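# Only the shape, not the letters, is given here:
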Ligand code: HEM
Ligand code: SF4
């Protein structure tokens, strides 16, 4: 498994990854796997002890993970690591990052080339809407860029 | 893409796809190449078509085509597709006769 | 370069963004060709750049945000038609233009050409927020309360490459109008927005959700009556967040927001949206007056000056020339300035292809826009073209110029103003051809005097249940169906897109293609024979019910 970091946060390794349903019985679990149909609000009681939430994309077209990540950051104020795995494309790198995802499990085919992910992160100089990242205005109107 | 094709007596199958680079409609030839003219399409029996279809699907990326499937034709010269849709793919849009596709061999 | 009238003026930041998008797409094409991206992966990516694969070639759908173009953009479209297509383009009901003969390998170059004039094909397809449509008379109509274009532009920008909403369950269409007379079919959109002035000068927005056509036509329901400007984006984010999380993904025919709204009910949907809003960091999403003002400042306002006798000149010219008068009656609309008028140019010549324009016609439209309407052109949701600000005393000159290129058809809102999708002549999803039947109907009712006699009657034709031709919303609707490889048409009557939004009722069994035109002619005869004075087709239909029309349509079958 090769990890790629979308931002500054260093990706963590975890020994135990449990499902949402298993969390209640596993006091030792620091990492949880969220399927795309799972409601992130279910994690609320456990957030303090979680270091890592892994969002599984069954197929890259299933965009629920983007909303899950945003809910984790924006509603639940989760400050640990969020990771995406499954069928994801480098073309989604900036979207993932802007929704609060820190790292991805690189696909095992040509789409796992870290160069492609790197490039996509820098593809667009500005964005036309706010994200969960710290941002500053980039010219008049709605445009923003990341505040470094 | 694959729909089960039910052949009436006397009908044959041809394989068709679109070219990846320009999207044009193409037909599978005897020699495994793809041709713009349905007149060059190889006519297959229902039995033989399955193996040819999987071969064509497998080679699609290398041959630069997408969406390979089979469709029924009447074995006249050039072969005439059975459905309106495939007739239009073979001959071009009916509303622009000036863009009619050359079909003959 | 002067600031364009009617649409947002790009600056360097916007232009750099478009270049980045093109570079990204070029890379995606390369990865598709070398096999790194499979067709299944590439398809959604190319669709989000407007590129479809159709029966004969790729089709490129270019965005015309809120339907407004300036003349140099129009000329560029003409050039693309000439150089990369077969010399014509097709204007759609969603204020886009489609080119039918595009090559994948040319597409990055075409996108670069478009970017030269601040145009793109971003999000004209795919399961994302699509090109935002607006009232075609925006900023010109006398009945307008709020010019919707500034907010349409804000929505365009906000939805562009939205990080959270680019992989939705299904496509998502937003329309906005600022007039009490809904000209955008707001209630047939995933989100329809009607703006009106608020007490503090900032607009208030009435928001409908869950409308749509397609295989399950649904009229949108009101979600909120009065959303304040500062909360517009937050509200839209919340609506989309609920949809993205809960919209169905197991069945593409049940994936639109309308199905979710129907399933849980609009009250539950509203509660869900309010629950999101309660948790959201509203400050982050606040649409500030400064941001609105900054975007508004990039729109030029036309300087409307007309001689005092402009109206009198027009009146006299109409009196002297009955042909011109007929065109004025059907093809113009009241402008907010008494010296000006709104002119609609029909792209529906009798027997022609609805919405198609050749590069020569496109070029001529650009010239006429420069000469008569501040260089501004609008595309309507009925596949026509509007010049928004024509001086009344120069209207006749414009009409003469249009006549020279066959664009002076006097049939707006009449039976010849047929809306039709591309159908089976191009479309990979079609069951039947829409264009030939439109051409036959157009030829059957070619006589403009007859059209004027018949009055307001709209025919809409779709080649399959996806309803791109809005057949559900046609006064008479035709839906192409396939019966064992043959083309048939199902007739509906009584649909309506505007204020009294209604879905048409199916008259009976689908008719074979060659009997359809006669059946419609009998339907129209039935109306002409039984109408009471001054009644429109819809009014007679309402009074008499469907039965006489059903009998007329099926009488000879
Ligand atoms: C030729 C290529 C086209 C394809 C492949 C295509 C495909 C589709 C599909 C699949 C739908 C149904 C989606 C759904 O209900 O979930 C749809 C709906 C629609 N299309 Fe197209 N379309 C095409 C051309 C057009 C054109 C030319 C127009 C305008 C004249 C158009 C306007 C619309 C509109 C307004 C809808 C609305 C239905 C709704 O929102 O519920 N499309 N299209
Ligand atoms: S209604 Fe059907 S046939 Fe017509 S353009 Fe849409 S998908 Fe194609």
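On my side now, so go ahead. Since we're looking at a predicted model, the values are computed, not measured. Ligands and ions are numbered 1, 2, ... in the order given.

# what residues are up against the residue of chain A found nearest ligand 2?
Proximity of chain A to ligand 2 (Cβ to the nearest ligand atom) peaks at residue A:61, 19.5 Å away. For glycine as for every other residue, the C-beta is placed from the backbone atoms N, C-alpha and C. For residue A:61, the contact set (Cβ atoms under 8 Å, 6 or more residues apart in numbering or on different chains) comprises C:44, C:127, C:167.

# Neighbours of the closest residue to the last one other than its chain neighbours, how many?
Nearest-residue entry for residue C:167: residue A:63, 2.9 Å, with adjacent residues in sequence omitted and distances by Cβ to Cβ, 6 or more residues apart in numbering or on different chains. Using other Cβ atoms under 10 Å in any protein chain shown, residue A:63 is surrounded by 26 other residues.

# same check, this time on residue C:403
14.

# what's the answer for residue C:261, then?
With other Cβ under 10 Å as criterion, residue C:261 counts 27.

# and it, how far is that from chain B?
Per Cβ to the nearest Cβ, to the nearest Å, residue C:261 is found 32 Å from chain B.

# Can you report phi and psi for residue 51?
All of this is about chain A. Torsion angles at residue A:51 (phi, psi; degrees, to the nearest 10) stand at phi -100, psi -20.

# oops, I was thinking of chain C
Dihedral angles for residue C:51 - degrees, to the nearest 10 - are phi -100, psi 110.

# any idea whether the residue of chain A closest to ligand 2 is helix, strand or coil?
Recorded secondary structure, residue A:61: coil (DSSP: H, G, I helix; E, B strand; the rest coil).

# Test for you: state the pLDDT assigned to the residue of chain B found nearest ligand 1.
Nearest to ligand 1 in chain B, going by Cβ to the nearest ligand atom, is residue B:93, at a distance of 11.6 Å. Confidence at residue B:93, expressed as pLDDT, is 95.

# mind listing what the residue lying closest to it once chain neighbours are set aside touches?
Using Cβ to Cβ, 6+ apart and skipping residues adjacent in sequence, the residue nearest residue B:93 is residue C:425, 3.9 Å away. With contact set as Cβ under 8 Å, 6+ apart, residue C:425 has these partners: B:88, B:93-96, C:55, C:433-436.

# Could you point out which of those is nearest to ligand 2?
residue C:434 (5.9 Å).

# Would you check that the closest one makes contact with residue C:461?
Yes. Using Cβ atoms under 8 Å, residue C:434 is in contact with residue C:461, at 4.5 Å.

# if we can go back for a sec, the residue nearest to residue C:167 contacts residue C:170, correct?
No. The criterion here is Cβ under 8 Å, and residue A:63 misses it with residue C:170 at 10.9 Å.

# any common contacting residues for the two?
residue C:127.

# For chain A, give the residue positioned nearest to chain C.
Of all residues in chain A, the one sitting closest to chain C is residue A:63 (2.9 Å; Cβ to the nearest Cβ).

# same question for the longest helix along chain A, mean pLDDT?
As assigned by DSSP state H, the longest helix anywhere in chain A is helix A:64-74. Mean pLDDT, helix A:64-74: 97.

# Can you name the element that comes right after it?
strand A:81-86 (DSSP states H and E).

# Assumed residue C:312 was part of a helix.
Yes. Counting by three-state DSSP, residue C:312 is located in a helix.

# mind listing what it touches?
Neighbours of residue C:312 in contact, by Cβ under 8 Å, 6+ apart: none.

# Check residue C:511 too.
C:488-491, C:519, C:553, C:557.

# Please repeat the previous calculation with a cut-off of 7 Å.
Counting by Cβ atoms under 7 Å, 6 or more residues apart in numbering or on different chains, residue C:511 touches C:488-489, C:491, C:519, C:557.

# go on, residue C:479?
Residue C:479 neighbours (Cβ under 7 Å, 6+ apart): C:462, C:465, C:471, C:489-490.

# Now do the SS call for it.
Assignment for residue C:479 (three-state DSSP): strand.

# do you know how far it is from residue C:422?
Taking Cβ to Cβ, to the nearest Å as the measure, residue C:479 falls 15 Å from residue C:422.

# try residue C:317
Counting by Cβ to Cβ, the gap from residue C:317 to residue C:422 is 38 Å.

# Please say which of those two ends up with more neighbours.
For residue C:317 and residue C:422, the more surrounded residue by other Cβ under 10 Å is residue C:422, and the numbers stand at 28 against 18.

# State the pLDDT value of residue C:271.
Reported pLDDT for residue C:271: 98.

# any idea which element it lies in?
Assigned by DSSP H and E, residue C:271 belongs to helix C:266-279.

# Buried residues, that helix. List them.
C:266, C:269-270, C:272-273, C:276-277 (16 or more other Cβ atoms under 10 Å in any protein chain shown).

# Throw those into a markdown table and include distance to ligand 2, thanks.
Listed next are the buried residues of helix C:266-279 as a markdown table, based on distance: Cβ to the nearest ligand atom, whole Å:
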| residue | distance to ligand 2 |
| --- | --- |
| C:266 | 27 |
| C:269 | 27 |
| C:270 | 31 |
| C:272 | 31 |
| C:273 | 30 |
| C:276 | 33 |
| C:277 | 35 |
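
# beta partners for residue A:145?
Applying DSSP bridges to residue A:145 gives these bridge partners: residue A:136.

# For it, give me its contacts.
Applying Cβ under 7 Å, 6+ apart, the residues near residue A:145 are A:125-126, A:135-136, A:138.

# From what I see, residue B:70 and residue B:50 are in contact.
No. Residue B:70 lies out of contact with residue B:50 (Cβ atoms under 7 Å); the separation is 8.6 Å.

# Residue C:434 and residue C:461: which is more packed in?
Taking neighbours as other Cβ under 10 Å, residue C:434 and residue C:461 compare with residue C:434 leading, 35 against 29.

# could you say what helices and strands the longest helix of chain A packs with?
strand A:52-57, strand A:81-86, helix C:232-246 (3 or more Cβ pairs under 7 Å, 6 or more residues apart in numbering or on different chains; DSSP states H and E).

# So for the last one, mean pLDDT?
Averaging pLDDT along helix C:232-246 gives 98.

# Whether that helix contacts chain A - can you check?
Yes. Using Cβ under 7 Å from any Cβ of the partner chain, helix C:232-246 comes into contact with chain A via C:241, C:244-245.

# nearest to residue C:33, of those?
Closest approach between these and residue C:33, by Cβ to Cβ: residue C:244, at 31.7 Å.

# Could you report the neighbour count for the closest residue to that closest one other than its chain neighbours?
Closest residue in space to residue C:244, ignoring its immediate chain neighbours: residue A:67 at 4.7 Å, by Cβ to Cβ, 6+ apart. Neighbours of residue A:67 under the rule other Cβ under 10 Å: 24.

# Relative to chain B, how far out is residue A:81?
Distance from residue A:81 to chain B, by Cβ to the nearest Cβ: 37 Å.

# Show me the beta-bridge partners of that residue.
Note on residue A:81: beta-bridge partners by DSSP bridges are residue A:52.

# Can you point out the buried residues in stretch A:24-39?
Neighbour-count burial for stretch A:24-39 [16+ other Cβ under 10 Å]: A:29-36, A:38.

# Closest to the centroid, which residue in the chain?
No chain in the question, so chain A it is. Centrality entry for chain A: nearest residue to the mean C-alpha point is residue A:101, 2.0 Å, by Cα atoms, centre = their mean.

# um, chain B though
By Cα atoms, centre = their mean, the most central residue of chain B is residue B:16, 3.0 Å off.
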